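Engineer: no sequence for this one, just the structure:
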């Protein structure tokens, strides 16, 4: 099937305004008759729930954490982009649009990206009004910093905790609506199924994580803002609770999963220290402004103290390979280069999985105080985790899974192929193409939540009668029973391996064979091993306790089962995409180490339809058209 | 209403009444120090001066002090009961980093001070502890007038080890109470910032120490026989 | 860095089946722990052993494991988050302990935080405080340009100092009175410092502190244990500032 993104046509500058006018409206008095479910309370979900509640809809919001303020949007460090052009350095909506399309390696829809760039400015104003303490200059004007993938300074920030401050802004707006009664908040609830009646999304099944009870909620529209899936690699910069579960359950109920193979690996994370490790910690990309990346030239030197390795025995490989960009090569390039060095046996630190990020030269040139002023908090964090002083010896870094560009397929209205199911933020696939630029994730989450869904959901709701299906519909009972049956099955296995062990195993397979670089062989290996692992899981997993209580093992078991199923789809997508683009690098498709895109055969969105367990999913394509930006090759040499 | 029912309102009442009593303690000490002879006629002259003030002022002042004490005690007990309930179960391991013995035992040092206050009033104001040395009954000449012999009463009292002991003990308690109370006043009134806050803690302790030293000098010098009647 | 020394530790952990269970301490041994384990990874290892032997693992709240989400909440040897300065328990590493140490692990203890299970407590009272006024009542859309109000850097920085609170509740756990004044003071201050929040400042401080009391939190008696416990180093000057705001509201 050829998918239609329902993008408005005409001059790109007018698309969103025209579309907004064309959308149907719901009468203010009628809005309260409509129930809307929002799952997830990060930037996208929190902003959406608050904005929809304010408009007058009856909103029910859900999160698995103990409070809506804890969603993983909170961990974003660097900043949020907007085309304000405050520094007068040549920025514009068009330039932000262009940079995002190009940064995404020409695999995103033009109209969606244009809209994102257009509303980016409203986001900053909105957050300022909420009391987000953005960085300012002494005169009181908003300050900007530079970020990767752009030649203008358009990134707004709140120290190194921009994500936190933006999320707390959305959370405060949400809290206000909760107090006013327009939003009912359900925390410590995990969505375990999407209820679809006659092909239309009508509600969700959730598990109350405290009591273990299954609960059903009905609504006229369901919004998923459930984040990304890079925990499929087990070790990632995501929070422990981030999972593909909500998206995967929706996928199994018919929602198409688009471009799952587009995963972003961030080059500067603190390397893994041991097998017991539970997560990886990101160190802001900005460190590469002053740090030089190197590994020893000779394998024998890898065990030595880095300060004992003389200058001429060091390989500053980024500067060597990409002389014009040097240490500031883009994320995907820098990550792959680090992997190459380590694969060559010249990695440093435990397991040889690390490269040095050396501030020695900068400290000599600028002094330790200047470096401390710029990156003090990062050095502190590094020392807390590694017990090493980054001023005295080079830091060790290694790439880590960070973000998923792929997600559930949505049209221009953010509605999936299931009517009534909307997908927001990282959970959808829409604007980042094959690679996301720094400081754009926050922008997308808030754009979707504050300024897109409040319009587009009205366009849908205006066409449906409110309250058609209630939780007494047999489908709700069926979903609850299905979920319970699956959980009981897991609890009854009483095998030998813990959930963590399975998660580590699937993560290992994915990282090894479907990580920074993929080949036909490695993916085929995974497609053989994953079904076997899936089978083993259902025979040999050990989950203690019962379903009728707070049971973290059971929660993790469900997420792991979904990750195992999903990982197969990810590999399948990676295998079918015979090209390299952005975060998807197929070793066979390269031009002297650089990604080789195939615009003739793969300039489309690959959206997969679930066909049942043990059945091959079906691929649907949405061709991508570029009327405003010319397809070009990215080169950083 | 907000002042007497809310958490911060009551805290402000505690701070203001407490601080008023601190000021009283300072003035009281200055007056008492006349025992060392800087005032012509010594403490007897000072006492006579106070008694010769117009009656409404004396009564008004005493009533105001009484009100302060009552408010401070009433809300002190009320807040303490509420606060004990704030953490019904203690930790198995106690590990405090900023709290002090003084800050954690305000209710006990306060209670002891309350009891001492009763004793002190009975001793020197109502003069019922040692009626035979009561100043009001033993008049001495001063500037051609017969005035109560406060000096004699004080000296005889503090010659007694137990009386001196009670007073010194009470002043240790006062030191503890004020070492937390004074800086607490500034914090509660919002007159503190990150730079001044640690200084105010030191300042509060210093004032408390000054009051302690000033007050204990009287019984100690008398007991040691340095100050004679 | 890559030494293979491992530690064996004795853990004395609070176990409580559910809110109505009385709860008690249980003793466990953590083996093969390296100095690079984070505190929570150490607990992961203990849990893996427990699961293998068919026992219920210790449950505890955690999510981002990088010190920003505010989910983790354990009192280690009497100190919220373990007592390392400006560190959440997820960022506390085992190099702070010695082989053979005995470690007491307890949940946040405060009347306003009922225990849900083991080390997990219910902190929804903090959300209620925010719902009482921890926001500016702006609408989505229809706001002024971000540069329409000038906020000089020192003012913005001061607001940011207050805004860094992660809402973990360590201040409450550390406070002998179970008071949430530092949490409340930080939000009241952030919005009172910024021009955007000044309009509602009086109602905000009244409503938020009243809600704090209604939720069962104790009162502030200036112990400053909250500041010592705070993993973000929020200063008690923000409590002082809230007190000022409260007085202004009394007069207003």
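Structural biologist: It's in. None of the values given here were measured: they were computed from a predicted structure.

Engineer: Over to whichever residue of chain C sits closest to chain B. Which of the three states is it?
Structural biologist: Taking C-beta to the nearest C-beta, chain B has its nearest neighbour within chain C at residue C:218, 2.5 Å off. Where C-beta positions appear, they are placed from N, C-alpha and C, glycine not excepted. At residue C:218, secondary structure determined by DSSP: H, G, I helix; E, B strand; the rest coil is coil.

Engineer: likewise residue A:206?
Structural biologist: strand.

Engineer: Bridging across strands, which residues link to it?
Structural biologist: Listed beta-bridge partners, residue A:206: residue A:191, residue A:215 (assigned using DSSP bridges).

Engineer: Correct me if wrong: it contacts residue A:187.
Structural biologist: No: when contacts are counted by C-beta atoms under 8 Å, residue A:206 is not listed as touching residue A:187 (10.9 Å).

Engineer: Would you mind telling me which of these two has the busier surroundings?
Structural biologist: Here residue A:206 and residue A:187 are compared on neighbour count by other C-beta atoms under 10 Å in any protein chain shown; more neighbours surround residue A:206, at 25 against 22.

Engineer: check which helix or strand covers whatever residue of the stretch 151-300 of chain A ends up closest to chain C.
Structural biologist: Chain C sits closest to residue A:172 of the stretch 151-300 of chain A, with a gap of 3.6 Å, by C-beta to the nearest C-beta. Residue A:172 belongs to helix A:162-180 when elements are defined using DSSP states H and E.

Engineer: following that helix, which helix or strand shows up next?
Structural biologist: Beyond helix A:162-180 on the C-terminal side, the first helix or strand identified by DSSP H and E is strand A:183-186.

Engineer: got the contact list for that following strand?
Structural biologist: Taking C-beta atoms under 8 Å, 6 or more residues apart in numbering or on different chains as the criterion, the residues outside strand A:183-186 that touch it are A:41, A:49-50, A:53, A:58-63, A:68, A:174, A:177-178, A:206, A:217, C:127.

Engineer: returning to what we had before: contacting residues around the residue of the stretch 151-300 of chain A closest to chain C?
Structural biologist: Contact partners of residue A:172, counting by C-beta under 8 Å, 6+ apart, are A:130-131, C:130, C:134-136.

Engineer: Now that we have the residues you listed, which of them are buried?
Structural biologist: Restricting those to buried positions leaves A:130-131, C:130, C:134-136, with burial counted as 16 or more other C-beta atoms under 10 Å in any protein chain shown.

Engineer: Report how many residues lie close to the residue of the stretch 501-637 of chain A found nearest chain B.
Structural biologist: Here the stretch 501-637 of chain A gets closest to chain B at one residue, residue A:550, 20.0 Å apart by C-beta to the nearest C-beta. Applying the criterion other C-beta under 10 Å, we find 20 residues in the vicinity of residue A:550.

Engineer: Name the nearest residue to it, sequence neighbours excluded.
Structural biologist: Setting aside the residues directly before and after it, residue A:550 is nearest to residue C:117 in space (C-beta to C-beta, 6 or more residues apart in numbering or on different chains), at 4.6 Å.

Engineer: In this structure the one you found contacts residue C:59, no?
Structural biologist: Yes: shown here, residue C:117 and residue C:59 form a contact pair, counting by C-beta under 8 Å, at 5.3 Å.

Engineer: Among the contacts of strand A:183-186, which lie within strands?
Structural biologist: Counting by DSSP state E, the contacts of strand A:183-186 place A:58-62, A:206, A:217 in strands.

Engineer: give me every residue that touches the residue in the stretch 201-350 of chain A that chain B sits nearest to.
Structural biologist: Each residue of the stretch 201-350 of chain A has a distance to chain B, by C-beta to the nearest C-beta, and the smallest belongs to residue A:210, at 20.4 Å. Residues near residue A:210 by C-beta under 8 Å, 6+ apart: A:188, A:550, C:116-117.

Engineer: if you set the cut-off to 7 Å instead, what comes out?
Structural biologist: For residue A:210, the contacting residues are A:188, A:550, C:116, by C-beta atoms under 7 Å, 6 or more residues apart in numbering or on different chains.

Engineer: Could you check the pLDDT of residue A:289?
Structural biologist: The predicted local confidence for residue A:289 comes out at a pLDDT of 78.

Engineer: how much space between it and residue B:62?
Structural biologist: With the distance defined as C-beta to C-beta, to the nearest Å, residue A:289 ends up 71 Å from residue B:62.
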